[in-house]
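Engineer: For reference, the sequence and a predicted model appear below.
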Amino acid sequence: MHVVLLGGAGYLGTVASHHLAALGHDVTVVDGLIYHREDDPAALLPRTARFVHGDLRDAALLARVSADADAVVHLGGIVGEPASQLDEQLAVELNYASPMIAAEAATAAGVGHYVFFSSCSVYGLHEGTVDEDTEPNPLGIYARTKVLAERRLPDVLGSQSALTCLRLATAHGASPRQRLDSVVNKMASHAASSGSIPLNGGSQRRPLVHVGDVARVLAGVLEQRLTGAWNLGSDPENHTIGDIAATVAEVVPGAVIDRGPERNEADARDYRVSFARIERALPGACATTLKDGVREIADLVLTGAVTDPGQAQYDNHRGLLGAVTSGKVGRLESADCRRYGAEYSSEWEAS
């Protein structure tokens, strides 16, 4: 199967590219390399993968790479609310317009399967346990772009391409393109480097998933052609922020929790997620635990593979800020971006 990974040189994509290539799939990675980093993408990807450096808002480029693809997977964009708030229009272009333009290209090329990486952040704030039938409650720009893309992609793809929307739990663990700004990776790396575990809040609930499990689920989705919306994670990996800190303290010798305010008001997300559907379809695909991920990140620091966890290259918010400031990435303001930007504004103008 020829799989095109849009945004495939990132934290999730590099792991997915290696896994898919190991299974014998033909992998093409397309990435704009929007973050301010010094990585050589060729060194991050499997030897057999083809790498194309290009803007994921470029309709002509997306048409070319989709021409002989069996599946197109959109993983790209700006991750998280803090980074999305740096420039809302840029976030809308990369997180909403880009997957829509890619879907148009995939449809025109006759691609049979389109996979969109969404997020459990679409649930926002909910009591009890949410599942795929729960009405989304997006609390910010990032989640709004994901919700709107999920709603509109079926209109663009029609019956031409099967659509899968994967709502990811918060990812953790080691990757060739390492991030240390997500909650588990941040706590574990800080604990290993300084002996301190920063904890702002503690009662908020977060579902977690290991980056390797994301790659395994993606492979299963492609091979079994699973369609519709799927929460990606596992029921046992629903944790509170306090649980995560306690686990890091248990795994990293000598690490101590440094408690801040009970709640981080900048991030009001709080939800518990059911992953029963993905477990029925792909039993055991998300079996990696929080402890496993914490050990991986701590080992990166303790063995010297990561010498300074505080570097901007490990933080998407700071990396994007550097890229925007230096002019490496910015608004494209193409006709397609303006059209989809107007849709976003119309949908959320009362928010």
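Structural biologist: Nice, thanks for sending it over.

Engineer: When you work out contacts or count neighbours from here on, use the C-alpha atoms and nothing else.
Structural biologist: Noted.

Engineer: Poorly predicted segments of the protein, please.
Structural biologist: Where the chain drops to pLDDT under 70, the residues are 36, 261-268, 350-351.

Engineer: can you give me the strands in it?
Structural biologist: 2-6, 26-31, 50-53, 71-74, 113-119, 125-130, 162-168, 170-172, 196-199, 205-210, 228-232, 238-240, 256-259, 270-273 (DSSP state E).

Engineer: for the third one, which positions count as buried?
Structural biologist: Taking 16 or more other C-alpha atoms under 10 Å as the neighbour-count basis, strand 50-53 is seen to contain the buried residues 51-52.

Engineer: And stretch 46-60, by the same measure?
Structural biologist: Buried residues in stretch 46-60 (16+ other C-alpha under 10 Å): 46, 49, 51-52, 54-59.

Engineer: and if you look at stretch 80-100?
Structural biologist: 80-85, 88-100.

Engineer: now the strands of the chain as JSON lines including distance to L320?
Structural biologist: Putting the strands of the chain into JSON lines (distance: least, C-alpha to C-alpha, whole Å) gives the following:
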{"stretch": "strand 2-6", "distance to L320": "18"}
{"stretch": "strand 26-31", "distance to L320": "15"}
{"stretch": "strand 50-53", "distance to L320": "17"}
{"stretch": "strand 71-74", "distance to L320": "19"}
{"stretch": "strand 113-119", "distance to L320": "20"}
{"stretch": "strand 125-130", "distance to L320": "27"}
{"stretch": "strand 162-168", "distance to L320": "21"}
{"stretch": "strand 170-172", "distance to L320": "19"}
{"stretch": "strand 196-199", "distance to L320": "23"}
{"stretch": "strand 205-210", "distance to L320": "23"}
{"stretch": "strand 228-232", "distance to L320": "26"}
{"stretch": "strand 238-240", "distance to L320": "28"}
{"stretch": "strand 256-259", "distance to L320": "28"}
{"stretch": "strand 270-273", "distance to L320": "26"}
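
Engineer: And these: which comes nearest V217?
Structural biologist: strand 228-232 (7.7 Å; C-alpha to C-alpha).

Engineer: which other helices and strands contact the closest one?
Structural biologist: strand 162-168, helix 276-281 (3 or more C-alpha pairs under 8 Å, 6 or more residues apart in numbering; DSSP states H and E).

Engineer: Dump it to PDB, restricted to CA.
Structural biologist: Provided in PDB are the C-alpha atoms of strand 228-232 (Å, rounded to 0.1, in the frame of the first residue of the first chain):
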ATOM      1  CA  GLY A 228     -15.700   6.900  11.000                       C
ATOM      2  CA  ALA A 229     -14.600   8.600  14.300                       C
ATOM      3  CA  TRP A 230     -12.400   6.700  16.700                       C
ATOM      4  CA  ASN A 231     -11.000   7.700  20.100                       C
ATOM      5  CA  LEU A 232      -7.400   6.600  20.100                       C
END
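
Engineer: can you list contacts of that strand?
Structural biologist: Contact with strand 228-232 is made by 120, 131-132, 163-169, 209, 214, 217, 273-275, 277-278, as judged by C-alpha atoms under 8 Å, 6 or more residues apart in numbering.

Engineer: Kindly report the same for stretch 335-345.
Structural biologist: Applying C-alpha under 8 Å, 6+ apart, the set of residues contacting stretch 335-345 is 57, 89, 92-93, 96-98, 100-101, 145, 148.

Engineer: Please save the CA atoms from that stretch in PDB.
Structural biologist: Only the C-alpha atoms of stretch 335-345 are listed here, as PDB (Å, rounded to 0.1, in the frame of the first residue of the first chain):
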ATOM      1  CA  ALA A 335      -7.600  31.800  -2.200                       C
ATOM      2  CA  ASP A 336      -8.200  28.300  -0.700                       C
ATOM      3  CA  CYS A 337      -7.000  29.500   2.700                       C
ATOM      4  CA  ARG A 338      -9.200  32.600   2.600                       C
ATOM      5  CA  ARG A 339     -12.200  30.400   1.600                       C
ATOM      6  CA  TYR A 340     -11.700  28.000   4.400                       C
ATOM      7  CA  GLY A 341     -10.800  30.800   6.800                       C
ATOM      8  CA  ALA A 342     -14.200  32.400   6.100                       C
ATOM      9  CA  GLU A 343     -15.900  29.000   6.900                       C
ATOM     10  CA  TYR A 344     -14.100  28.900  10.200                       C
ATOM     11  CA  SER A 345     -15.000  32.500  11.100                       C
END
